[in-house]
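Asker: Got a predicted structure here, sequence first:
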Amino acid sequence: MTDKVKLARQFIQAIPHAKALGLELTHIGQGEAEISMPYNPDLVGDPRTGVIHGGAVSAMLDTCCGAAVMSHPAAPGGTATIDLRIDYMRAATPGQTITTRATCHHITRNVAFVRAVATDDDTDRPVATAAGAFTVEGR
Amino acid sequence: MARTRPEPMQVVKQRRDAALNALVSGVPYIRFLGITFDRRGDELTGVLNFDDKLIGNPFLPAIHGGVTAAFLEVTAIITLSWAHLFERIESGDLAPEDILTDENMRFPKTIDFTIDYLRSGLPRDAYARAYISRAGRRYASVRVEAWQDHHDKLYAQGTGHFLMPQDPKPES
């Protein structure tokens, strides 16, 4: 069990794009994952406002959902995104770290269903939410 | 009644390319991902120029699903902005250098975006084109498709809804 958590953590940290975004896995296990991303001016979507581009938040949410699937006790190994829907509630506040939390709330032999939320310092008002379906793959 | 003589081709091309460049090159995240746009008339094709930092699964290897999502979303937003501004650029009402400095010019805001992953993204360039299904005054609905080697074998597709920038209230 702990081996799988360790493996998932190593796997996330070995992803070149996760490294490029500066993602940090802060919690993983039992079908749940938490990833944070410090503010980075390279990821700004509109230079007039300094707000992080929605695409960077999407990439975080996708990574976090995948990590949640891999950490689920019933998942034998890897996973890939089948579909992902993202709702953007508001702009993330410039300068603040964004944190995503994903839960794999249901898993079958072939498909894992995941929900995730992205917040900044104001944790009561989500920046974005995601809902997705992921493949369940053997080792 | 002689009709006005068409502008020289170079004048037209230069104006359009300058406007597109102003729209795209000022956005740090588009540069971060290495996305560029090809233009034919008013038709845009997004190009995701491959780089190792776009990899999501180093064992396959494959492009990160989040990169694909972002690529589709960027293509949708730029295509929508381009369509929204095209007439004003053509009429000379909006100068290319004012596109990103004018406080009143804003990008459409994503309300929601859904991505279907059809194939894994191979470690090479990808292309995307966005089709505006409906552009209303407040909301727009956009469909995007992305491919690598063959346009008829899409590796991802997406649909999204966007809140259009509102014109500033007229001064009375």
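Answerer: Arrived safely, thanks for sending.
Asker: From here on, just use CA atoms for contacts and neighbour counts.
Answerer: Fine.
Asker: hey, which helix is longest across the chain?
Answerer: Let's take chain A. helix A:54-70 (DSSP state H).
Asker: Correction: the question concerned chain B.
Answerer: Max-length helix for chain B by DSSP H is helix B:65-91.
Asker: Residues of chain A that sit close to chain B?
Answerer: A:14-20, A:41-48, A:53-56, A:58-63, A:81-89 (C-alpha under 8 Å from any C-alpha of the partner chain).
Asker: Got a quick ChimeraX command for the buried subset of the residues you listed?
Answerer: Buried residues within those, by 16 or more other C-alpha atoms under 10 Å in any protein chain shown, are selected in ChimeraX with:
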select /A:15,16,17,18,42,43,44,45,46,47,53,54,55,56,58,59,60,61,62,63,81,82,83,84,85,86,87,88
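Asker: Out of the residues of chain A next to chain B, list just those in helices.
Answerer: Cross-referencing these against helices under DSSP H gives A:16-20, A:54-56, A:58-63.
Asker: what's the closest of these to B:Gly66?
Answerer: Nearest to B:Gly66 out of those is A:Ala59 (C-alpha to C-alpha; 3.4 Å).
Asker: per-residue pLDDT, the residue of chain B at minimum distance from chain A?
Answerer: Proximity of chain B to chain A (C-alpha to the nearest C-alpha) peaks at B:Gly66, 3.4 Å away. Looking at B:Gly66, its pLDDT reads 95.
Asker: how much space between it and A:Leu84?
Answerer: Here B:Gly66 is placed at a distance of 10 Å from A:Leu84 (C-alpha to C-alpha, to the nearest Å).
Asker: can you list residues touching both of these two?
Answerer: Jointly contacting B:Gly66 and A:Leu84 under the rule C-alpha atoms under 8 Å, 6 or more residues apart in numbering or on different chains are A:Asp62.
Asker: if we can go back for a sec, just to check, the residue of chain B closest to chain A is in contact with A:Gly55?
Answerer: Yes - contact criterion C-alpha atoms under 8 Å: B:Gly66 and A:Gly55 qualify, at 7.4 Å.
Asker: Quick check, the residue in chain A closest to chain B?
Answerer: A:Ala59 (3.4 Å).
Asker: Please list all residues in contact with that residue.
Answerer: B:64-67, B:69-70.
Asker: in chain A, what spans have low per-residue confidence?
Answerer: Low-confidence segments of chain A (pLDDT under 70): A:1-5, A:7-9, A:139.
Asker: quick one, strands of it?
Answerer: Counting by DSSP state E, chain A has strands at residues A:24-29, A:32-37, A:44-46, A:51-52, A:81-88, A:98-107, A:111-119, A:128-135.
Asker: in its sheet, what does the last one sit against?
Answerer: Based on DSSP bridges, the strands next to strand A:128-135 in the sheet, each with its direction, are strand A:81-88 (antiparallel), strand A:111-119 (antiparallel).
Asker: Likewise for the fourth one?
Answerer: Strands adjacent to strand A:51-52 in the sheet, as given by DSSP bridges, are strand A:44-46 (antiparallel).
Asker: Contacts for the partner strand, please.
Answerer: A:50-54, B:26-30, B:107.
Asker: which stretch of helix or strand covers B:Val11?
Answerer: helix B:9-25 (DSSP states H and E).
Asker: What's the first helix or strand after that helix?
Answerer: Counting by DSSP H and E, what follows helix B:9-25 is helix B:28-33.
Asker: counting contacts, what elements does that next one pack onto?
Answerer: In this structure, helix B:28-33 packs against strand A:44-46, with contacts taken as 3 or more C-alpha pairs under 8 Å, 6 or more residues apart in numbering or on different chains; DSSP states H and E.
Asker: chain center to the strand it packs on, what's the gap?
Answerer: 20 Å (C-alpha atoms, centre = their mean, to the nearest Å).
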